[in-house]
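Asker: Okay, sequence plus prediction incoming.
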Amino acid sequence: MNPSDLKYSKEHEWAREMSGGRVRVGITHYAQDQLGDVVFVDLPVIGSKVTQFQQFGTIESVKAVSDLFSPVSGEVVNVNQTVVDAPELVNQDPYGQGWLIEVVLSNTSELDALLSSQDYEAYLQAQ
């Protein structure tokens, strides 16, 4: 089950609202399960701009290399260096230690374009 306090994109990324207009971003359990064992994560540098539903990095597994898409627009203010050094955390704890970046939102209304956990579950069932 996907955490109910998160918002989800159809590209299988999640967004967790934090204080100060920040949003933490990661990939869903479904995405990491489809990828298989994650071996490399390429993330943007702090200060980079990301745009909602546009590519911000790549994630590589033993099966394939996949693009990462930002669920929100804004400025990257934190990058999870731990996951860069230990990419398997994405598989082990995708909603916790396996987070990828933190973004200061440029438009808070973009969160409304994302799916609730129930809507994301329904989307997965329809796939």
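Answerer: Ah, there it is.

Asker: Nearest residue to Leu114 in space, ignoring adjacent ones along the chain?
Answerer: Distances taken as C-beta to C-beta, 6 or more residues apart in numbering place Lys7 nearest to Leu114, at 3.6 Å, with adjacent residues excluded. For glycine as for every other residue, the C-beta is placed from the backbone atoms N, C-alpha and C.

Asker: er, Leu35 actually
Answerer: Once flanking residues are discounted, Leu35 sits nearest to Ser61: 4.0 Å by C-beta to C-beta, 6+ apart.

Asker: How many residues are close by the one you found?
Answerer: A count of nearby residues for Ser61, using other C-beta atoms under 10 Å, gives 18.

Asker: ok, what's across the strand from it?
Answerer: For Ser61, the beta-bridge partners are Val38 (DSSP bridges).

Asker: who's in contact with it?
Answerer: Leu35, Gly36, Asp37, Val38, Val39 (C-beta atoms under 8 Å, 6 or more residues apart in numbering).

Asker: Contact partners for the residue nearest to Leu114?
Answerer: Trp14, Ala15, Arg16, Glu17, Pro71, Leu111, Leu114, Leu115, Ser116.
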